[in-house]
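Trainee: Provide a 3D model corresponding to the input given below.
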Amino acid sequence: MGLPARVKATLAGEHRQRLVVWAIFAVAALIAILILALAGQGQTLKGDEWAYARELATRPLPDALFDPPASKYLLVLPLLLYKAAFSTIGISDYIPYRLAAMALTVAAAALFLVLAARRVGYLLALPGAILILFLGSSSEVTTTALRIPIQIAVVAGLGMFLALERRDLRGDVAACVLLAISITSHPLGTAFAAAAVVIVLARPAPERWRRAWIFAVPLVLFAAWYLTLREPAPNSASFGDQLGDLPRFLFQSLATMVAAITGTFRSPFDGQINFLTPVSYVLATIAFVAVGFRALTSRPPATFWAILVAVLVLFAAPAFAPGLLRSPTASRYVFPGVIMLLLLICETARGVQVTGRSARLAAWAVVVVFAIGLYSNSIALDKNARAWASTGKQVSAELTALELARGHVEPTFRPEDPNAAVQIPSTNLGISAAGYFTIQDAYGSPAFSTSELLTEPLEDRRVADIVLARALDLRL
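Mentor: The predicted structure follows:
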């Protein structure tokens, strides 16, 4: 017996709506990639990426994977991918790494779209997905390839949610594998592990224990590394101080994510990024009350509590980070925090019926918030991509100077010296001359050739002059 005509028409309308939403999403993704491609030209390795290259060039692969230096994380899959990329395509061209980061951002936004659509429909899920594509407030993640490990952890974690929704053996096996990838790609994957614990243990009594391996296997692997191979960072706060800071960090993290979503992180007067403003605290309070009201006045499904637990773990993470990483406003935390907070908002709104004038007001509120958030984040996306590009060119100039001084420069020399009489812009290169030459011999170099350097802007040539003069100890 065929379906009634009304049901067929409804299904056809929903199918057309999905096609339109995915088409809009694809166009938005293309625009975001074009902005990044044009604004971010000239980027190169930075910060932790140089540390990865040094570790992989100087240590046996098992040691680099499972025994990182103190204060570093378990990044098994990302380091394997870096090793393969460094050994094949090298580091002279940063475009492949940026393309990989862009693809991971699009994948995270697409997975969010699917998960959110199952809660509030494709039309309401689309603004959040587009916002993720243009999330310039998370500059370390979206405008460069610096945080690929975090992106892998997030994409695998979101995939785990989809796999668990299948409620069959194939989905559970996929969820276990994806969770293992997430938790061994970056410690933020523990947030998805906590969510998996809630979802699996919420199943009926016999099944919950038979399927406990979904989260137990990845957690046991992570715990084994944490307890046996991890070295605590010497500059970390004490555990007591971390616990004492936890409430403050939780609320500041919420304020940061709400400001990133609503676009209120960017001052309309000077354009500076400042997450923790009175407005962000007010909006964070409203979000806290709304989620709390929903939790106390209804019987949310297990997925609500799972996503809520994941959000709490993500928001608490900066309090337990080592040393200078203890900052709830650090842009590296914005990417996963915003995605999971948006998903929690969608989960909170699931099943809520709004009609008439209230529906129109709610729709306009969503449009206004989305417009402001998209505008602020798009401006930040372009601005931060250009800033990273400028820094990348200065790094290339520094490295050109080191190559010209090779054979004469001290092995311990560092281009950035806070005690030098003449300073260069900070590029967070973080490696010595000896470390750079080791990386260069193994994987190549993004340094300018001498002919290329002559065509660069004056400020880049000046950086090379200063570094070369210091490397050769030239003086009047």
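
Trainee: the helices in the stretch 51-200 of the chain, which residues?
Mentor: Taking DSSP state H, counting those that start in this stretch as the test, the helices found in the stretch 51-200 of the chain are 61-66, 76-88, 95-120, 122-133, 139-142, 148-164, 169-183, 189-201.

Trainee: now do the stretch 251-400 of the chain
Mentor: 278-297, 302-316, 331-349, 356-404.

Trainee: list the buried ones in the second one?
Mentor: This means helix 302-316. Residues of helix 302-316 classed as buried by neighbour count (16 or more other C-beta atoms under 10 Å): 303-316. C-betas here are computed from N, CA, C, even on glycine.

Trainee: contact partners for the residue lying closest to residue 130 once chain neighbours are set aside?
Mentor: With sequence-adjacent residues excluded and distances taken as C-beta to C-beta, 6 or more residues apart in numbering, residue 130 is closest to residue 28, at 4.7 Å. Contact partners of residue 28, counting by C-beta atoms under 8 Å, 6 or more residues apart in numbering, are 129-130, 133-134.

Trainee: now the buried members of those.
Mentor: 129-130, 133-134.

Trainee: next, format those as CSV and append pLDDT and distance to residue 33.
Mentor: Output for those, formatted as CSV (pLDDT from 0 to 100; distance: C-beta to C-beta, whole Å):
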residue, pLDDT, distance to residue 33
129, 95, 15
130, 96, 13
133, 95, 9
134, 95, 11
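
Trainee: list the buried residues in stretch 127-146.
Mentor: Neighbour count says stretch 127-146 has 127-146 buried, by 16+ other C-beta under 10 Å.

Trainee: surely residue 403 touches residue 446?
Mentor: No: Residue 403 is not in contact with residue 446 according to C-beta atoms under 8 Å; the separation is 11.1 Å.

Trainee: next, count neighbours for residue 474.
Mentor: Counted with other C-beta atoms under 10 Å, residues neighbouring residue 474 total 9.

Trainee: part of a strand, is it?
Mentor: No: according to DSSP: H, G, I helix; E, B strand; the rest coil, the state of residue 474 is coil, so it is not within a strand.

Trainee: leaving out the residues flanking it, which one is nearest to it?
Mentor: In this structure, residue 474 finds its nearest non-sequential neighbour in residue 468, 7.8 Å apart by C-beta to C-beta, 6+ apart.

Trainee: list the contacts for residue 435?
Mentor: Residues near residue 435 by C-beta under 8 Å, 6+ apart: 50, 54.

Trainee: that one: which element?
Mentor: Using DSSP states H and E, residue 435 sits in helix 433-443.

Trainee: got the buried residues for that helix?
Mentor: Of all the residues in helix 433-443, those buried under the rule 16+ other C-beta under 10 Å are 433, 435-440, 442-443.

Trainee: repeat for stretch 355-375
Mentor: 369-370, 372-374.

Trainee: pipe those into JSON lines and attach pLDDT and distance to residue 67 per row.
Mentor: As requested, the buried residues of stretch 355-375 are arranged in JSON lines below (pLDDT from 0 to 100; distance: C-beta to C-beta, whole Å):
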{"residue": "369", "pLDDT": "88", "distance to residue 67": "46"}
{"residue": "370", "pLDDT": "89", "distance to residue 67": "45"}
{"residue": "372", "pLDDT": "91", "distance to residue 67": "46"}
{"residue": "373", "pLDDT": "91", "distance to residue 67": "42"}
{"residue": "374", "pLDDT": "92", "distance to residue 67": "43"}
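
Trainee: want to throw the residues you listed into CSV with distance to residue 92?
Mentor: Shown next, in CSV, are the buried residues of stretch 355-375 (distance: C-beta to C-beta, whole Å):
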residue, distance to residue 92
369, 43
370, 40
372, 41
373, 37
374, 35
